[in-house]
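Asks: with the sequence up front, the predicted model follows.
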Amino acid sequence: MNDKHGLLSAPINQTLRKMTIPMVFGLFAIIMFNVVDTFFISQLGTEALAAVSFTFPITFAVNSITLGLGVGIAALVGRLLGQGDHQDAARVSTHGLLLALLLVMLVGWLGAATIVPVFSALGASKDLLPLIHEYMQIWYLTIPLLVVPMAGNAAIRATGDTKTPAKIMMVSGLINGVLDPLLIFGLGPFPELGVQGAAIASALSWAGAMLAALIVLTRREQLLIAPQWQQIGTDVSQILKIGMPAGMTNALNPAAAAILMMMLASQGTESVAAYGAAQRIEAILLIVMMAMTSSLTPLMSQNFGAQYHQRAFQALFSAMRFAILFQFALYLSLWPFIDLIADVFSDDVRVQQEIAHYLMVVPASYGLQGTLMLLVRRPECHEAFAAFVRLQPSPFVCFLSALCVAGRHGQRHPWPVCGNRCCQSTGRYYGVPVCRGVAPSNTGFVTAGLIQVIHSVLQGI
């Protein structure tokens, strides 16, 4: 059995660290250039920033489809590679990319035809709709360019290689960062395109990432082959079996964000602009959790494929413990810089105040969000749960099973609505951590499990 990257034999913490660090750099590059993108758009005015902020729930929701399918592709490819079956892994990878491309093309076509009614329903004013249309028209047209590198990088990570996807993301982010000011403001020979220029810059960066991912998958990893039409139905069914629940889980955040956006729209353009900027900052604060989530999938999948169930769950618990401790420390270190960060994104005093309120309140829940990210996006947790119970009964079992369920429903709590009525726009921000905090309590027996989790974390310090 080929264990080139040590996923089946190297020390767990060392392997997680080796896989996560490159992903942190790759994601950081992408997110930082998105933050820079937001900064440049904010220079066009509060309305431009608010218009692009309105697009976040929709763009995140569409990306959730690819992220979910990427989880399915990575889980199946990783498991087949763990079994030593490279040919079947290449077949599943190929069929998964085709499935993701076709689904997102369909969604893009439907989205382009419904821009005005969808964003009107989200609360966008008539003044903002032309700006939103300029941006989303390009975004929907070019989103297939993003699907291939997203799903392709998932297949590459399934081999245990996280450095190459990180490099692809860094180059893509650099292209976007360089083109943004040129196309937004019309510097040099480039036309001044405003928010539409930001969308075009993103599309060109996606095209570069797509080309790089296809070269790696075809020439080095040999995970792209000619489609095998007689087996494509079976592979698609298996990918969807894992990918659809993962995609729906991923879609909860943009769904909740869309509801919150509708609430904020009633408070004015400034509230929407502040929320959009805060979402970009939040992505940076959760970057380590996103990287670890991506790294954990191939580690667990390959170990399940090799029948090393206990090792797979040890990796999961180690990641959960790290999530709680790391995010709490990050929250404490953020406080001295909150006002400075808020000032960077807007000259509007009200926008600055709302960004600051968001950063004071919501990051307190990132430890819980990190554990939810690690749990509910792990399809292997559900598939091998019975095997784990036989191997190593633990108080974590109650917490694990309940959190996998509660995480899918936690955002249904009415706390943001209560905050809306009590404290208007800033009051909603208090509802977000409350939702994340009470999500595990949706089932009564999980409280005892949560106590045991905290006890385990403290023992690990």
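Replies: Looks like it came in fine. Numbers count the residues shown, from 1 in each chain.
Asks: shaky segments in the stretch 251-400 of the chain?
Replies: Within the stretch 251-400 of the chain, the stretches with pLDDT under 70 are 251-255, 257, 376-400.
Asks: got the residue ranges for the strands in the stretch 251-400 of the chain?
Replies: Applying DSSP state E, counting those that start in this stretch to the stretch 251-400 of the chain gives no strands.
Asks: whoops, the stretch 101-250 of the chain was the one
Replies: So, for the stretch 101-250 of the chain - with DSSP E, counting those that start in this stretch - there are no strands.
Asks: just for it, where's the confidence low?
Replies: 249-250.
Asks: how about the helices in it?
Replies: Ranges of helices in the stretch 101-250 of the chain, per DSSP state H, counting those that start in this stretch, are 115-121, 129-142, 144-158, 163-185, 195-215, 229-265.
Asks: most tightly packed of those helices?
Replies: helix 144-158 (a mean of 26; mean count of other C-beta atoms under 10 Å). Bear in mind the C-beta positions are built from the backbone N, C-alpha and C, glycine included.
Asks: for that one, packing partners?
Replies: helix 46-82, helix 86-113, helix 163-185, helix 195-215, helix 287-305 (3 or more C-beta pairs under 8 Å, 6 or more residues apart in numbering; DSSP states H and E).
Asks: at 6 Å what do you get?
Replies: helix 46-82, helix 86-113, helix 163-185, helix 195-215 (3 or more C-beta pairs under 6 Å, 6 or more residues apart in numbering; DSSP states H and E).
Asks: and of the ones you listed, who's closest to Gly26?
Replies: Comparing the helices and strands packed on helix 144-158 by their distance to Gly26 (C-beta to C-beta), the top pick is helix 163-185, with 3.0 Å.
Asks: what angle sits between that closest one and helix 195-215?
Replies: Interaxial angle of helix 163-185 relative to helix 195-215 (axes from the mean of the first three to the mean of the last three C-alpha atoms, to 10 degrees): 160 degrees.
Asks: and the angle for helix 163-185 with helix 144-158?
Replies: Using the same axes, to 10 degrees: helix 163-185 against helix 144-158 is 160 degrees.
Asks: among the helices of the stretch 101-250 of the chain, which comes closest to Ala364?
Replies: helix 229-265 (16.9 Å).
Asks: got a list of what the residue nearest the centre of the chain touches?
Replies: With distances taken as C-alpha atoms, centre = their mean, Met290 lies nearest the centre of the chain, 6.4 Å away. Residues in contact with Met290 (C-beta atoms under 6 Å, 6 or more residues apart in numbering) are Leu27.
Asks: OK, contacts around the closest residue to Arg350 other than its chain neighbours?
Replies: In space, and not counting its chain neighbours, Arg350 is closest to Glu270: 4.5 Å by C-beta to C-beta, 6 or more residues apart in numbering. Neighbouring residues of Glu270 by C-beta under 6 Å, 6+ apart: Asp348, Arg350, Val351.
Asks: burial measure for the first one, as a count.
Replies: To tie it back to what came earlier, the one meant is Asp348. 18 (other C-beta atoms under 10 Å).
Asks: that one and Asp339, how far apart?
Replies: Per C-beta to C-beta, to the nearest Å, Asp348 is found 14 Å from Asp339.
Asks: can I assume Met170 is in contact with Phe28?
Replies: No. In this structure, Met170 is not within contact of Phe28 by C-beta atoms under 6 Å, at 8.5 Å.
Asks: do you know the pLDDT at Met19?
Replies: At Met19, the model reports a pLDDT of 89.
Asks: packing partners of the host helix or strand of it?
Replies: In the assignment (DSSP states H and E), Met19 maps to helix 12-42. The contact analysis (3+ C-beta pairs under 6 Å, 6+ apart) places helix 12-42 against helix 46-82, helix 163-185, helix 269-285, helix 287-305, helix 309-334.
Asks: now render these as CSV, adding distance to Met23.
Replies: Formatted as CSV, the helices and strands packed on helix 12-42 follow (distance: least, C-beta to C-beta, whole Å):
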stretch, distance to Met23
helix 46-82, 13
helix 163-185, 6
helix 269-285, 14
helix 287-305, 4
helix 309-334, 13
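Asks: among those, which comes closest to Ala213?
Replies: That would be helix 163-185 among the helices and strands packed on helix 12-42, by C-beta to C-beta, at 5.9 Å.
Asks: for that closest one, which outside residues touch it?
Replies: 22-23, 25-26, 29-30, 33, 36-37, 40, 153, 156-157, 187, 190, 192-193, 197-198, 200-202, 204-205, 208-209, 212-213, 216.
Asks: just to revisit the earlier point, dump the helices and strands packed on helix 144-158 into JSON lines; add distance to Ile324 as well.
Replies: Shown next, in JSON lines, are the helices and strands packed on helix 144-158 (distance: least, C-beta to C-beta, whole Å):
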{"stretch": "helix 46-82", "distance to Ile324": "23"}
{"stretch": "helix 86-113", "distance to Ile324": "33"}
{"stretch": "helix 163-185", "distance to Ile324": "25"}
{"stretch": "helix 195-215", "distance to Ile324": "33"}
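Asks: of the ones you listed, which is nearest Leu264?
Replies: helix 46-82 (8.9 Å).
Asks: what about that closest one, average pLDDT?
Replies: pLDDT averaged over helix 46-82 gives 86.
Asks: packing partners of that helix?
Replies: By 3+ C-beta pairs under 6 Å, 6+ apart, helix 46-82 packs against helix 12-42, helix 86-113, helix 129-142, helix 144-158, helix 229-265, helix 269-285, helix 287-305.
Asks: nearest to Gly72, out of those helices?
Replies: helix 229-265 (3.0 Å).
Asks: what about that closest one, distance to the chain center?
Replies: 12 Å (C-alpha atoms, centre = their mean, to the nearest Å).
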